[in-house]
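Novice: quick one: sequence plus predicted model below, questions after.
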Amino acid sequence: MSTRIAFLKGHGTENDFVIVPDPENTLDLPPAAVAALCDRRAGIGGDGLLHVVRSAAHPEARGMAAEAEWFMDYRNGDGSVAEMCGNGVRVFARYLQRAGHAVEGDLAVATRGGVKTVHLAKNGDVTVGMGRALLPEGEVTVRVGERSWPATHVNMGNPHAVAFVDDLAHAGDLHTAPPVAPATAYPDGVNVEFVVDRGPGHVAMRVHERGSGETRSCGTGACAVAVAAARRDAADPAVTGTPATYTVDVPGGTLVITERSDGEIEMTGPAVIVGEGEIDLAWLENATR
């Protein structure tokens, strides 16, 4: 057995990831190993981990293998499994391009949230077809300290609670998950977005990602924010017949989100590979004891 494991590091609007290529799904990556790799002081550091596996080699993705050759086995920074990560899909696609598994143009990526269509543009941007949003019924409230706000429940393959606020500082430090009521609304936890207006069709957000804390960006969160803003602004494309596009500023950059009249959502933004190296297997084994 090799004593080293190849890895890369990448980010999309500073939402950063450890990338572990493992085409045949031979690596054992338990939660403790993922958390050790994502540790910013003792490990490589990242908001999450992108485990790159051929769909046919992964039991959760075999059913998608006919549509998408590659499966994004995404893990949060604490090692927990997540359904989807929008910034992660862009970085995943950029890795496939770098490794020679994809070229400019369209490709399909399997995720736990379904198969996503990705477009690698010549200018370096990556556009992801994020599917349709679901807006479950029921009132949700988000609280930070003495303040509370009504939130819009948006599901992008993973759950989000979107709260519009007067000042992003009201979100607090976001190191821990803001309380959301009723707790039964999100039995598996929730990503919480705090949003302010910057101008027509232009908002800014901060986010607490479940399992990762505050991150510099969240792709599915930006989509959820755009959907919630369109409903608030009476710009639901299903009603108006006109696509709704929002520029969403995140701490790590800017994403452009378009919801089409058929409900499909597209997210466009950068994706960068910053370096690569090898993980010392002895260190990893010791870190997870």
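Specialist: Thanks, I have it. Numbering: from 1, shown residues only.
Novice: how near is residue 69 to residue 245?
Specialist: Distance, residue 69 to residue 245, using Cβ to Cβ, to the nearest Å: 31 Å. Heads up, the C-betas are built off the backbone N, CA and C, glycines and all.
Novice: which one is residue 78 nearest to, not counting chain neighbours?
Specialist: Leaving aside its sequence neighbours, residue 78 sits nearest to residue 211 (Cβ to Cβ, 6 or more residues apart in numbering; 4.6 Å).
Novice: whoops, residue 120 was the one
Specialist: Closest to residue 120 by Cβ to Cβ, 6+ apart is residue 104, at 5.0 Å.
Novice: also residue 36?
Specialist: In space, residue 36 is closest to residue 287, 3.9 Å off (Cβ to Cβ, 6+ apart).
Novice: which residues in the stretch 101-250 of the chain form helices?
Specialist: 219-232, 237-240 (DSSP state H, counting those that start in this stretch).
Novice: returning to that earlier point: thought the residue nearest to residue 120 was touching residue 122?
Specialist: Yes: using Cβ atoms under 8 Å, residue 104 makes contact with residue 122 at a distance of 5.9 Å.
Novice: of those two, who's got more company?
Specialist: Taking other Cβ atoms under 10 Å, residue 104 and residue 122 do not tie; residue 104 has more neighbours (10 against 7).
Novice: phi and psi next, for residue 252.
Specialist: Dihedral angles of residue 252 (phi, psi; degrees, to the nearest 10) stand at phi -100, psi 10.
Novice: if I pick the residue nearest to residue 120, what's in contact with it?
Specialist: Taking Cβ atoms under 8 Å, 6 or more residues apart in numbering, we find residue 104 in contact with 97, 120, 121, 122.
Novice: now list the buried members of the residues you listed.
Specialist: The neighbour count (16 or more other Cβ atoms under 10 Å) marks 97, 120 as buried among the contacts of residue 104.
Novice: and the contacts of residue 104, which is closest to residue 272?
Specialist: Closest approach to residue 272 among the contacts of residue 104 (Cβ to Cβ): residue 97, at 11.7 Å.
Novice: would that closest one count as being in a helix?
Specialist: Yes: counting by DSSP: H, G, I helix; E, B strand; the rest coil, residue 97 is found in a helix.
Novice: grab the nearest non-local neighbour of the most centrally placed residue in the chain.
Specialist: In the chain, the centroid-proximal residue (Cα atoms, centre = their mean) is residue 85; its distance is 2.4 Å. Leaving out its chain neighbours, the residue that sits closest to residue 85 by Cβ to Cβ, 6+ apart is residue 74, at 5.0 Å.
Novice: likewise residue 181?
Specialist: Leaving aside its sequence neighbours, residue 181 sits nearest to residue 141 (Cβ to Cβ, 6+ apart; 4.8 Å).
Novice: residue 175 contacts residue 209, correct?
Specialist: No: with contact defined as Cβ under 8 Å, residue 175 does not reach residue 209; the gap is 11.8 Å.
Novice: buried residues in the helix or strand of the chain with the lowest mean pLDDT?
Specialist: Lowest on mean pLDDT, DSSP states H and E among the helices and strands of the chain sits helix 281-287, with a mean of 90. Buried positions in helix 281-287, judged by neighbour count with 16+ other Cβ under 10 Å: 284, 287.
Novice: sorry, back to before: show me what contacts the residue nearest to residue 36?
Specialist: So residue 287 contacts 32, 33, 36, 42, 43 (Cβ under 8 Å, 6+ apart).
Novice: and the gap between it and residue 153?
Specialist: Distance, residue 287 to residue 153, by Cβ to Cβ: 37 Å.
Novice: hang on, the earlier thing: isn't the residue nearest to residue 78 up against residue 189?
Specialist: Yes: using Cβ under 8 Å, residue 211 is in contact with residue 189, at 7.2 Å.
Novice: ok, those two, which is more surrounded?
Specialist: A side-by-side neighbour count of residue 211 and residue 189, using other Cβ under 10 Å, places residue 211 first with 20 against 16.
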